[in-house]
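Build me a model from this:
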Amino acid sequence: MIISKTSAFSIIIAVILLVAVIFLTIKCNNLNNDLKAAKTAVESQKINTKTLDFTKLFIDKVLKAESEIDFDTRLVLENGVRNLNDSDILAQWQKFTGSKDEVEAQKEVKALLEMLVNKIEVK
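You can find the predicted model right below:
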């Protein structure tokens, strides 16, 4: 069987196009995986930022407080802890705010700070 030059050229072009499609499909899949990893990293960074912001606020408004904490500050802190969208931290926050005496409050604040620090992911 004799293949004409145009047929041979067409076959070569078809093979080249097939290889290009396979290459680009593999490249696209790799880029999709990279994009998923980047989105996960961004989400983790957002959580870290929220957690750090609340931790700084807590230290400034509670631990460094010279007097009793006023209602507005409590409201800001409550909103800040709820903004974290973390049920564990919220539960620990409620233990802290529900403390009956200073000894219990100190125990719960230590647990809260430890939990906040442990929630921060370092990559």
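
only C-alpha atoms for contact and neighbour calcs from this point on.
Will do.

can you list the weak-confidence ranges in this protein?
For the chain, applying pLDDT under 70 flags the ranges 1-2, 123.

Find the nearest non-adjacent residue to Val109, please.
Distance criterion CA to CA, 6 or more residues apart in numbering; nearest residue to Val109, sequence neighbours excluded, is Phe96 at 6.0 Å.

can you tell me how far that neighbour sits from Ile89?
Plainly put, Phe96 is 10 Å away from Ile89 if you go by CA to CA, to the nearest Å.

Need phi/psi at Ala65.
Summarising the backbone geometry of Ala65 under the convention degrees, to the nearest 10, its torsions are phi -70, psi 140.

circling back: helix/strand/coil for the residue nearest to Val109?
In terms of secondary structure, Phe96 is helix; the call rests on DSSP: H, G, I helix; E, B strand; the rest coil.

hmm, back to that, what is in contact with Phe96 and Ile89 at once?
Listed as contacting both Phe96 and Ile89 by CA atoms under 8 Å, 6 or more residues apart in numbering are Leu112.
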